[in-house]
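Novice: sequence and predicted model, in that order:
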Amino acid sequence: IGPSRNDLPPAGGAGAIRNGEHRAFVMGVEGGTSWIERTLLHDYFSVFGQVMDVFTPNGKSVAYITFETAQNLQRALDAQQHVVSGCTVRLIRAEKRPPD
C-alpha cells in the first residue's frame, strides 16, 4: 500500500519529486513511541549511500528520503528490514505525483 494522494507533498514544494531524484516513501509499521526524527532517519539511511534530503510532512507519520543515486535507493529498497530507533519502518519507491 503506497501513499495516498493526500499524503504526497505539494507539487513543486520541498517534498515534490523532480526528474532524476531517487526518492523513497517511509512509513512506520510498529514499535517506537512517536514518529522518528529527521536526523535519525538521515543517519540510518546513510548506510545505503548519500542521503540528499529527508522530508517529513507536518502532522504525518511518514517521510520521503532522497538518495544521491538510483543504486543507493535500490540498496535501501532491497534491505530485508528497517528498524530505526526501535520503530520498524516500511520503505517503498516514491512515485512521481501526477500533474494537477
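Specialist: That came through fine. Residues are numbered from 1 along each chain as shown.
Novice: rest of the way, CA atoms for contacts and neighbours
Specialist: Will do.
Novice: state which strand of the protein is the longest.
Specialist: strand 22-31 (DSSP state E).
Novice: and that one, what's buried?
Specialist: His22, Arg23, Ala24, Phe25, Val26, Met27, Gly28 (16 or more other C-alpha atoms under 10 Å).
Novice: check stretch 48-66 too.
Specialist: Neighbour count says stretch 48-66 has 48-51, 53-57, 62-66 buried, by 16+ other C-alpha under 10 Å.
Novice: so which of those residues are in helices?
Specialist: For these, not one is inside helices, with DSSP state H as the criterion.
Novice: from those, which is closest to Gln80?
Specialist: Comparing the buried residues of stretch 48-66 against Gln80 with C-alpha to C-alpha places Phe48 closest, at 12.8 Å.
Novice: each with direction, which strands does the longest strand of the chain pair with?
Specialist: strand 62-67 (antiparallel), strand 87-93 (antiparallel) (DSSP bridges).
Novice: how about the contacts made by the nearest residue to Asp53 once chain neighbours are set aside?
Specialist: Sequence neighbours aside, Thr66 is the residue nearest to Asp53 in space, at 5.0 Å (criterion: C-alpha to C-alpha, 6 or more residues apart in numbering). By C-alpha atoms under 8 Å, 6 or more residues apart in numbering, Thr66 lies in contact with Glu21, His22, Arg23, Ala24, Val51, Met52, Asp53, Val54, Leu73.
Novice: what is the nearest of the residues you listed to Tyr44?
Specialist: Val51 (9.7 Å).
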